[in-house]
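> Sequence plus the predicted model coming up.
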Amino acid sequence: MMSHQFKSPHTNSDNNDLGQKSEPTVTTVFRSIADNINYLEDNFLKSQDLKNRRFVFNQKECIAFYFETLVDQDKLQQNFFLQLSEFTSKLNEANYPFRNLPNTTSFDEVTQKLLEGFSAIYIEGELRVFFIETAANFARSSSEPENERVIRGSHQGFVENLTINLNLIRHRIVDKNLYVEYITLGDRSNTKVALTYIKGLADESIVETALTRLKSISTDMVFSTEFLEEFIEDSTASPFPQMLNTERPDRVEANLMEGKIAILSDGSPTALLIPSTFFAFYQSPDDYNSRVYVGTFIRVIRLFSFVVAVTLPAIYIAVIGFHYGVMPQQLAITVKGSIDNIPYPPLIEAFIMELTIELIREAGIRLPSAIGTTISIVGGLVIGDAIVKAGLVSNTMIVVVAMTAIACYVVPSSEMSNAVRLLRFPMMFAASILGFVGIVFGLMALLIHLCKLESFGSPYFAPIAPFRWHGLKDAILRMPIFWNKNRHINRYSKRMKKSSTSREPYPNDKS
């Protein structure tokens with residue numbers, strides 16, 4: 001087919017003899033079917049999944065364009081062609097089939113609609129293109145996220161379809177103030193991103209900040225919300241995640257009701273919740289689905305696991321290398337007997353075991369699930385036993401590394417778990433140089449960093465820094481729900497007072 005030059009009176013261009021920047025050229029639809037076919041085929045580089053289907057209606061030649069990889073052809077047949085045959089026998093102005101269809105005269109809009117899964121209908125002699133919604137839906141079922149399982153509560157999770165995810169949220173929050181704003185990002189991927197919040201609860205300044213950061217992104221493609229995270233977070237250099245990632249609709253619902261903002265992306269089952277605090281990563285929906293004392297105990301255990309995961313290998317190195325006298329005599333004799341034959345210092349011993357654990361963990365993730373679990377258990381047992389018998393590490397080091405690994409995996413958020421796994425390495429270096437003094441300096445630097453860190457202008461370490469006593473009720477402790485009369489005391493919630501978190505005492509209620 002010969003190349004076709006499209007210079008039509010319907011092409012609007014602004015020729016400026018003074019060399020000023022001209023406005024973008026807008027190409028409108030041609031009257032000839034042949035011209036339209038040539039233009040679309042050239043526009044899509046003659047891609048072989050762009051199909052057309054010719055038919056005759058009202059004694060005029062017509063053609064339907066669509067991408068067979070995006071369109072449900074049964075839907076096209078049922079919703080258009082079968083109905084079209086019924087109109088043909090009794091055609092008049094009242095039942096003209098194209099009368100209520102969306103249409104355009106711009107080829108730019110035709111291009112966009114075709115890429116969204118619409119079918120474009122052109123009639124010979126018309127200067128308009130009509131659209132039919134025929135997009136295929138291949139979304140998977142909404143099942144519970146593998147990395148956010150709970151014992152009690154909802155077992156529903158997001159999928160890779162943005163419309164379905166927003167539907168799950170709207171079914172949970174039936175409120176006219178729930179607002180969704182769409183943004184298209186990626187110069188080539190044209191990924192649809194949704195910013196969701198409840199007007200009247202979310203802080204408008206944080207909403208504006210989020211919108212400004214999203215709209216300032218300039219990139220060819222946006223894969224997912226995780227891809228967006230690096231563009232819009234406050235401090236990329238920090239090891240701590242500043243936005244909470246979740247695939248659970250119930251968690252998004254709870255955070256929206258607290259005045260936070262959710263960012264969702266088409267093609268990703270993960271929602272970003274902003275702003276977030278350090279303690280939000282140690283909370284789980286299970287906390288609120290269990291008894292108050294149980295929820296508080298488990299939450300405190302999680303927070304204690306952070307200290308264990310960061311400091312335990314460093315404490316071992318400091319004790320063995322500098323402060324042997326802090327151990328009881330019997331324990332010191334046992335530990336000394338296990339490390340006498342180790343040919344290198346405690347730092348190297350710790351590094352060997354920590355890196356071995358990381359290798360086993362990574363292998364367990366990458367292998368198929370049926371094999372991965374077996375490899376993780378058998379590999380840990382066999383390698384641990386063999387490495388002790390070979391005299392490369394001590395028995396005490398095996399115990400320390402095992403407890404550290406367990407403490408890392410207690411965190412409900414995988415992003416925070418990854419941060420904790422990294423932090424123990426610089427802490428081990430500090431302990432190998434200065435002992436307990438090095439650990440103290442390392443913890444001081446970590447605490448200063450947490451106090452300075454912000455998430456969209458909100459203090460990341462709240463309610464510890466700045467300290468607010470009442471904020472501890474839900475950030476660290478799991479208090480009865482009806483005691484939480486205020487939203488989290490922070491800058492991200494516009495309305496602090498809740499309206500339904502108190503109750504009158506029941507008869508014989510002594511609480």
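Nice, I can see it.

> on contacts alone, who are the packing partners of whichever strand or helix holds Ile333?
Using DSSP states H and E, Ile333 sits in helix 329-339. Judged by 3 or more CB pairs under 8 Å, 6 or more residues apart in numbering; DSSP states H and E, helix 329-339 is in contact with helix 395-409. C-betas here are computed from N, CA, C, even on glycine.

> Number of residues surrounding Arg99?
Residues near Arg99, counting by other CB atoms under 10 Å, number 9.

> Using the three-state scheme, assign it.
coil (DSSP: H, G, I helix; E, B strand; the rest coil).

> Can you give the domain ranges for the protein?
11-133, 146-276, 288-459 (automatic domain parsing).

> what mean pLDDT does the first one have?
Across domain 11-133, the average pLDDT comes to 79.

> for stretch 140-152, same thing?
So the average pLDDT for stretch 140-152 ends up being 81.

> Now do that stretch: distance from first to last residue.
23 Å (CA to CA, to the nearest Å).

> ok so, going back, tabulate the domains of the chain in CSV, adding columns for distance to Ala475.
Supplementary listing: the domains of the chain in CSV, determined by distance: least, CB to CB, whole Å:
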stretch, distance to Ala475
domain 11-133, 43
domain 146-276, 11
domain 288-459, 9
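
> one step back: using PDB, write out the CA atom coordinates for the helix holding Ile333.
Taking Å, rounded to 0.1, in the frame of the first residue of the first chain, the C-alpha atoms of helix 329-339 are listed here in PDB:
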ATOM      1  CA  GLN A 329      29.900 -17.100  84.600                       C
ATOM      2  CA  GLN A 330      28.200 -20.300  83.500                       C
ATOM      3  CA  LEU A 331      26.900 -18.700  80.200                       C
ATOM      4  CA  ALA A 332      30.400 -17.200  79.600                       C
ATOM      5  CA  ILE A 333      32.000 -20.700  79.900                       C
ATOM      6  CA  THR A 334      29.500 -22.200  77.400                       C
ATOM      7  CA  VAL A 335      29.900 -19.300  74.900                       C
ATOM      8  CA  LYS A 336      33.700 -19.400  75.200                       C
ATOM      9  CA  GLY A 337      33.800 -23.100  74.500                       C
ATOM     10  CA  SER A 338      31.700 -22.600  71.300                       C
ATOM     11  CA  ILE A 339      33.900 -19.800  69.900                       C
END
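
> Please pull up the helix or strand immediately following that helix.
Next along from helix 329-339, by DSSP H and E: helix 346-366.

> Next, the angle from that next one to helix 395-409.
For helix 346-366 against helix 395-409, the angle by axes from the mean of the first three to the mean of the last three CA atoms, to 10 degrees is 50 degrees.

> buried stuff in helix 346-366?
Residues of helix 346-366 classed as buried by neighbour count (16 or more other CB atoms under 10 Å): 346-347, 349-354, 356-357, 360-361, 364.

> Check stretch 266-274 too.
Asp266, Ser268, Pro269, Thr270, Ala271, Leu272, Leu273, Ile274.

> just the helices in the stretch 401-511 of the chain please.
Secondary structure of the stretch 401-511 of the chain by DSSP state H, counting those that start in this stretch: the helices cover 414-434, 436-452, 472-475.

> Could you export those helices as a markdown table, including distance to Glu148?
Converted to a markdown table, the helices of the stretch 401-511 of the chain look like this (distance: least, CB to CB, whole Å):
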| stretch | distance to Glu148 |
| --- | --- |
| helix 414-434 | 9 |
| helix 436-452 | 24 |
| helix 472-475 | 19 |
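
> so can I have JSON lines of the ones you listed showing distance to Val400 and mean neighbour count?
Shown next, in JSON lines, are those (distance: least, CB to CB, whole Å; neighbours: other CB atoms under 10 Å):
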{"stretch": "helix 414-434", "distance to Val400": "11", "mean neighbour count": "19"}
{"stretch": "helix 436-452", "distance to Val400": "14", "mean neighbour count": "15"}
{"stretch": "helix 472-475", "distance to Val400": "30", "mean neighbour count": "20"}
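
> need those in CSV with mean pLDDT, can you?
Below are those laid out as CSV (pLDDT from 0 to 100):
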stretch, mean pLDDT
helix 414-434, 92
helix 436-452, 95
helix 472-475, 79
